[in-house]
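# I'd like to go over a predicted model; first the sequence, then the structure.
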Amino acid sequence: MFGIGVQELIIIAIIALLIVGPKKLPDLAKTLGKGFRDFKNATEGVTEDLKDALKEDDKPKPDDGLKDSLLSKKPEAEEEKNKAPGNET
């Protein structure tokens with residue numbers, strides 16, 4: 001947990017108890033927990049929005065058949081060669 005061991009957590013708890021006092025410590029812990037939860041929910045929302053945006057970018061865009069029509073169309077010079085007498089295909 002953030003690279004903090006059990007001994008460090010006990011020291012932090014004792015210092016917090018001395019500074020804040022035993023009556024306000026539960027309220028402080030509750031407020032901090034709520035703040036962390038709200039921060040986590042906000043970051044998850046941003047992450048989901050980014051994932052949705054990336055999914056939309058990855059979707060193939062519909063083409064109107066323009067690419068296929070350009071690829072299947074023969075150049076005019078080639079069509080004239082095929083129409084010339086003696087060039088039966």
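Cool, the structure landed.
# what's the host helix or strand of Gly35 packed up against?
Per DSSP states H and E: Gly35 is located in helix 25-58. Of the remaining helices and strands, those touching helix 25-58 by 3 or more C-beta pairs under 8 Å, 6 or more residues apart in numbering; DSSP states H and E are helix 6-20. Just so you know, the C-beta spots here come from the backbone N, C-alpha and C atoms, and that holds for glycine as well.
# just to revisit the earlier point, report the mean confidence score over the helix holding Gly35.
Along helix 25-58, the predicted local confidence has a mean pLDDT of 89.
# what does stretch 3-18 give?
For stretch 3-18, mean pLDDT rounds to 88.
# that one: which residues count as buried?
Neighbour-count burial for stretch 3-18, with 16 or more other C-beta atoms under 10 Å as criterion, is recorded at no position.
# again, but for stretch 30-50
Under 16+ other C-beta under 10 Å, stretch 30-50 has no buried positions.
# got the angle between the helix holding Gly35 and helix 6-20?
120 degrees (axes from the mean of the first three to the mean of the last three C-alpha atoms, to 10 degrees).
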